[in-house]
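Engineer: Generate a structure from the sequence data that follows.
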Amino acid sequence: MAPCPGRTARASSSSVRRAIDAAIAVDPLGPFLWFYRENCLYLSGRYRDVLTEHQRATRLKLTFTYLDSFEGAAYRELGMIDESIASYERDLKLYGGTPLYGLAITYARANRMAEARK
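Structural biologist: Alright, predicted model coming up:
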């Protein structure tokens, strides 16, 4: 398993996730916390959990993105390219058109290079 952000030699992925969960309990509308949770799950290869977390964060209507959609990225890593592109297109609207670099990666993996370069 890949480490979560901020993980040290003594901290496991699960302990980092517990710390993030505790912070979310204190500030459930803090967009960075949901980003960190999705990122941690993504880096741990827990793609289905990323999808669940992204749906939860989206229901909160947070207007924040960190240059990517972990939902779209998780679908891409699961080989679900059509779902990945659809997710990125939804998030582009949600985030007011903020470019999401993972969409270009997804298009490139689908051999749709002209769209990847846009």
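
Engineer: Tell me which other helices or strands the helix or strand that G102 is a member of touches.
Structural biologist: When elements are assigned from DSSP states H and E, G102 belongs to helix 101-109. Contacts defined by 3 or more C-beta pairs under 8 Å, 6 or more residues apart in numbering; DSSP states H and E place helix 101-109 against helix 70-77, helix 81-94, helix 113-116. C-beta here means a position set from N, CA and C on the backbone, and glycine is covered the same way.

Engineer: Can you point out the buried residues in that helix?
Structural biologist: Within helix 101-109, the residues scored as buried using 16 or more other C-beta atoms under 10 Å are 102-107.

Engineer: closest to R90 among the residues you listed?
Structural biologist: Among the buried residues of helix 101-109, L103 lies closest to R90 (C-beta to C-beta), at 11.1 Å.

Engineer: any idea how far the nearest residue to the closest one once chain neighbours are set aside is from V26?
Structural biologist: Closest residue to L103 apart from its sequence neighbours, by C-beta to C-beta, 6 or more residues apart in numbering: Y88 at 4.0 Å. In this view, Y88 and V26 are 31 Å apart by C-beta to C-beta, to the nearest Å.

Engineer: For the two, indicate the residue with more neighbours.
Structural biologist: Y88 (24 against 8; other C-beta atoms under 10 Å).

Engineer: surely that one meets G102?
Structural biologist: Yes. Shown here, Y88 and G102 form a contact pair, counting by C-beta atoms under 8 Å, at 6.6 Å.

Engineer: Which member of the buried residues of helix 101-109 is positioned nearest E83?
Structural biologist: So of those, ranked by how close each gets to E83 (C-beta to C-beta), first place is T106, at 10.0 Å.

Engineer: Could you tell me which residues make contact with Q55?
Structural biologist: Each residue near Q55 by C-beta atoms under 8 Å, 6 or more residues apart in numbering is listed here: E71.

Engineer: Nearest to R17, out of the helices and strands packed on helix 101-109?
Structural biologist: Nearest to R17 among the helices and strands packed on helix 101-109 is helix 70-77 (14.2 Å), distances taken as C-beta to C-beta.
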